[in-house]
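> How does the following fold in three dimensions:
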Amino acid sequence: QAQLVESGGGLVQFGASLRLSCAVSGFPLDYYSIGWFRQAPGKEREGVACIRTSDGPTYYADSVKGRFAISGDNAKNTVYLQMSSLKLEDTAVYYCAVSPFLRAAAGCAPHDFGSWGQGTQVTVSS
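Residues are numbered from 1 along each chain as shown. Here you go, the predicted structure:
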């Protein structure tokens, strides 16, 4: 059974950078879609960035384009989300999730992903 463990969240100031990690066990990354999602208080969970590690990033939300970068290390079975120029509105719980459907990475919709980590809090302060 797939297990995903996020780490790297924390409290940072506006404009800072942060790197999230998602350690995956139970299956090899390169045959799956994997993504980062976030949920802010009172808001729906949204796709931030998704990737097929065999092909590279396939989706970024408009709100993070140019600031966030998703990457995967198949040897470590880990996916990263490098976040730069953080804004107050990036504050949320960040989750990683996996889908067995390679097409899922293109749309990065939460309902297409079935195995989720526990989440890591990212708080951006002014």
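> Could I get the full set of helices for this structure?
Using DSSP state H, the helices of the chain run over 104-107.
> can you pull out the strands in it?
With strands called from DSSP state E, the chain shows them at 3-7, 10-13, 18-25, 33-39, 46-52, 56-60, 68-73, 78-83, 92-99, 115-116, 120-125.
> looking at those strands, which is closest to residue 109?
For the strands of the chain, the distance to residue 109 is smallest for strand 46-52, at 6.1 Å, taking C-beta to C-beta. Every C-beta, even on glycine, is put in place using the N, C-alpha and C of the backbone.
> Give me the mean pLDDT for the closest one.
Average pLDDT, strand 46-52: 95.
> mind listing what's buried in it?
47, 48, 49, 50, 51, 52 (16 or more other C-beta atoms under 10 Å).
> Can you list the strands that it pairs with?
strand 33-39 (antiparallel), strand 56-60 (antiparallel) (DSSP bridges).
> I'd like to know which of those strands is closest to residue 113.
strand 33-39 (6.2 Å).
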